[in-house]
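> No letters, just coordinates:
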């Protein structure tokens, strides 16, 4: 029998959502400081309004959560994770809308969800003329979204650990770097911050060399790092990476994208003196295989199309876009329409497949994740081996992820289920896109890009696209980022409200 | 009579040539059209007009400019340093960039520039000089922000008091 939630369940959930919103509201201090530093005084009231709106919303949730007793349960944590992301979206879209660079508030919400989920699809108008502070806000959202907004709150604002691990899992990160979940979230932020300084410094040097003057070079370096590390793909100019016309910028962002797509557990293992893990880890192996295979297809398609004069250019253009897609970053150094129009359908399919595979589990990236791809591949290998050997034969299949793990049916079933969910949202999105008149390949490309939180675009995403499609992409980005787990929790909670006794 | 007619024809010719010089956008291809139909323009001489945005990036081979067309699509232009001497203001939040007319060869995938889709400029002319854009502070928004700050403080105090009283007295809420 399904039991209907008690008022205390709502209080527990409300209290935690309130804390998350209050935590997020503090982020407004960073664009505000940027506005002061850059002399953009006219922007400050926008951040003041937005901060207070978010903070008051958080307080309202806390108010309704006063008096909550008992421990958080899994369902509570899932609802908190799913709902926090959903409520934070409109609350963080205020500076976007007040800037006057969006056709509607819904478009602003689309961009914020795209940022939070590290997708990178944009509906912003006249990006080349937005303020530095708004650019800072956009990139900060994607940087925080990459680590996870609940991870942020757990790392810095929560004292106890009751329910912390469940909320951490609810946000799509189910592996611990350290035994304590609060220490894990802090370790994630330490890793990201160290890379932030290193990456920004390298990009600053490159941008100065490429002719961008200080302080713009510093801001661009910071934003490019945030966009690449979080695999968000936001860029400060409308042409994305194409704006810089620089092979060095491409090389550095390529390295950052790959690092950002790695599992935080793997980063921690390497940092803790276990560099060999890089070569043994199932996710790295899966990434190497899928990236090599999709690149081979893409390179064949590019050579066949004859658009590039030499192999070096094929390697440069092809590998960048493919890795950008595979790591689910979405940085582009070709125009959106050129992917299908000039590169051809085979190249497009290779990029779609790469985007769908995605990055690593417990990373900033999206997609199926290397761990699930590896587990399903191992499961297939196990079944083939079972057929080949005699019926009495008993054997074990192992995979290596920090330690050797024996493959079980549960592993394969769980990985397979999540992959099926991803495929379903991709296909439904492609169908909706096709119904609105977009060619199927274009619609599929764009929906896989949204659902896997990549952000590469073939031109479908535009302010003029149908509102229903925008709404579906928002849903796909959100569900894909939370890896469906919280979505299932939210559905279960909804059912218990409606049908519980 | 013939002299008058000749003078009229000459005057009309001069006027028409002046008019065409005053409207350089007439012969220009829109940047978004150029990108969408890059195959048709590949290797051909084109004219574009648009606002210089971002940065002027000086490199060994020349200077990279990014020209933003009317419909929000930008394209890279590789220009010789000497041809852009009077180009100075690039568009951003606080500036409208120089409005330029660029004549050059369009490349769908320029082989000598790493496969870039760009224009290699032969001639860059400033149609209209860029200028600073003043953004004034909205007093209404500032007032709204201050009022909301007050509301935040008051509501924060209420929540704190309520949470405190619940913790002391009535914290044990039954399920």
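That came in fine, so what should we check first? Please read all numbers here as calculations on a predicted model, not as lab measurements.
> what about the stretch 401-501 of chain A, any weak spots by pLDDT?
Counting by pLDDT under 70, not a single residue of the stretch 401-501 of chain A qualifies.
> quick one, helices of it?
A:409-435, A:440-451, A:467-481, A:485-499 (DSSP state H, counting those that start in this stretch).
> Would you mark the buried spots in the last one?
Translated: helix A:485-499. Neighbour counts using 16 or more other C-beta atoms under 10 Å in any protein chain shown place A:485, A:486, A:487, A:488, A:489, A:490, A:493, A:496 of helix A:485-499 among the buried residues. The C-beta positions use only the backbone N, C-alpha and C, and glycine is treated the same way.
> out of those residues, who's nearest chain B?
residue A:496 (14.2 Å; C-beta to the nearest C-beta).
> dump the residue contacts of that closest one.
By C-beta atoms under 8 Å, 6 or more residues apart in numbering or on different chains, the residues touching residue A:496 are A:2, A:3, A:4, A:5, A:75.
> Could you identify the helix or strand that succeeds the helix or strand where residue A:323 lies?
If you go by DSSP states H and E, residue A:323 is part of helix A:311-326. Using DSSP H and E, the next helix or strand after helix A:311-326 towards the C-terminus is helix A:336-341.
> and that next one, does that touch chain B?
Yes: legend: contact between helix A:336-341 and chain B by C-beta under 8 Å from any C-beta of the partner chain is shown at A:337, A:338, A:341.
> pLDDT value on the second one, please?
The reference is to residue A:338. Residue A:338 carries a pLDDT value of 94.
> Just want the angle from the helix holding residue A:323 to helix A:440-451.
60 degrees (axes from the mean of the first three to the mean of the last three C-alpha atoms, to 10 degrees).
> Show me what helix A:311-326 is packed against.
helix A:247-260, helix A:282-305, helix A:345-357 (3 or more C-beta pairs under 8 Å, 6 or more residues apart in numbering or on different chains; DSSP states H and E).
> Pull out the buried positions in it.
Of the residues in helix A:311-326, those buried (16+ other C-beta under 10 Å) are A:313-314, A:316-326.
> what ranges of chain A fall below the confidence cut-off?
Judged by pLDDT under 70, the stretches of chain A that qualify are A:1, A:158-162.
> which one's the longest helix in it?
For chain A, the longest helix by residue count, based on DSSP state H, is helix A:181-209.
> can you list the residues that contact whichever helix or strand comes after that one?
Downstream of helix A:181-209, the first helix or strand assigned by DSSP H and E is helix A:216-229. For helix A:216-229, the external contacting residues (C-beta under 8 Å, 6+ apart) are A:120, A:132, A:135-136, A:139-140, A:142-143, A:146, A:192, A:195-196, A:199-201, A:203-204, A:206-208, A:212, A:232-236, A:249, A:253, A:256-257, A:259-260, A:329, A:331, A:364, B:55.
> And the helices in chain B, which stretches?
Under DSSP H, chain B gives helices at B:2-22, B:31-36, B:38-41, B:139-168.
> Tell me how many other residues crowd residue A:251.
13 (other C-beta atoms under 10 Å in any protein chain shown).
> rewinding a little: can you give me how far the helix holding residue A:323 is from the chain middle?
21 Å (C-alpha atoms, centre = their mean, to the nearest Å).
> any idea of the angle it forms with helix A:345-357?
Using the same axes, to 10 degrees, helix A:311-326 lies at 40 degrees relative to helix A:345-357.
> Okay, buried residues for the biggest strand by length in chain B please.
Determined from DSSP state E, the single longest strand within chain B is strand B:45-59. Buried positions in strand B:45-59, judged by neighbour count with 16+ other C-beta under 10 Å: B:46, B:47, B:48, B:49, B:50, B:51, B:52, B:53, B:54, B:55, B:56, B:57.
> what does stretch B:107-120 give?
B:107, B:108, B:109, B:110, B:113, B:114, B:115, B:116, B:117, B:118, B:119, B:120.
> Name the nearest residue to residue 91, ignoring sequence neighbours.
Looking at chain A here, since you left the chain open. With C-beta to C-beta, 6 or more residues apart in numbering or on different chains as the criterion, residue A:91 has its nearest non-adjacent residue at 4.4 Å, and that residue is residue A:54.
> right idea, wrong chain: chain B
That would be residue B:97: by C-beta to C-beta, 6+ apart, it lies 2.9 Å from residue B:91.
> And the contacts of residue A:496, which two are furthest apart?
Taking C-beta to C-beta, the two most distant members of the contacts of residue A:496 are A:4 and A:75; they sit 12.4 Å apart.
> quick revisit: tell me which other helices or strands the helix or strand harbouring the residue nearest to residue A:91 touches.
Taking DSSP H and E as the definition, one finds residue A:54 inside helix A:44-65. Helix A:44-65 sits against helix A:7-25, helix A:29-37, helix A:74-92, helix A:94-98, helix B:139-168, with contacts defined as 3+ C-beta pairs under 8 Å, 6+ apart.
> For the shortest one, what is the distance to the chain centroid?
For helix A:94-98, the distance from its own C-alpha centre to the chain's C-alpha centre is 22 Å (C-alpha atoms, centre = their mean).
> cool, and stretch A:173-191?
18 Å.
> Which positions in it come out as buried?
A:173, A:175-177, A:181-182, A:184-189, A:191.
> wait, which of the residues you listed is closest to chain B?
residue A:182 (21.9 Å).
> That closest one contacts residue A:157, correct?
No: if you go by C-beta atoms under 8 Å, residue A:182 and residue A:157 don't touch, sitting 10.3 Å apart.
> Could you measure from the closest residue to residue A:221 other than its chain neighbours over to residue A:212?
Nearest non-adjacent residue to residue A:221, counting by C-beta to C-beta, 6+ apart: residue A:203, 3.7 Å away. Using C-beta to C-beta, to the nearest Å, we find residue A:203 at a distance of 10 Å from residue A:212.
> who's in contact with residue B:138?
Counting by C-beta under 8 Å, 6+ apart, residue B:138 has contacts A:42, A:45.
> Quickly note the distance from it to residue A:41.
10 Å.
> show me where pLDDT drops low in chain B?
B:1-26, B:167-175.
> Now for the residue of the stretch 101-250 of chain A found nearest chain B, how many residues are close by?
Among all residues of the stretch 101-250 of chain A, residue A:211 sits closest to chain B, at 3.6 Å; criterion: C-beta to the nearest C-beta. For residue A:211, the tally of surrounding residues (other C-beta under 10 Å) stands at 17.
> Please name the nearest non-neighbouring residue to it.
Per C-beta to C-beta, 6+ apart, closest to residue A:211 is residue B:57, 3.6 Å.
> That neighbour: what's it in contact with?
A:210, A:211, A:212, A:244, A:245, B:63, B:64, B:65.
> Would you mind giving me the PyMOL syntax to select the buried ones in these?
Here is the PyMOL selection string for the buried members of these, based on 16+ other C-beta under 10 Å:
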select buried, (chain A and resi 210+211+212+244+245) or (chain B and resi 63+64+65)
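> Can you tell me which of the contacts of residue B:57 is nearest residue A:352?
residue A:244 (26.1 Å).
> Many thanks, I have nothing further to ask.
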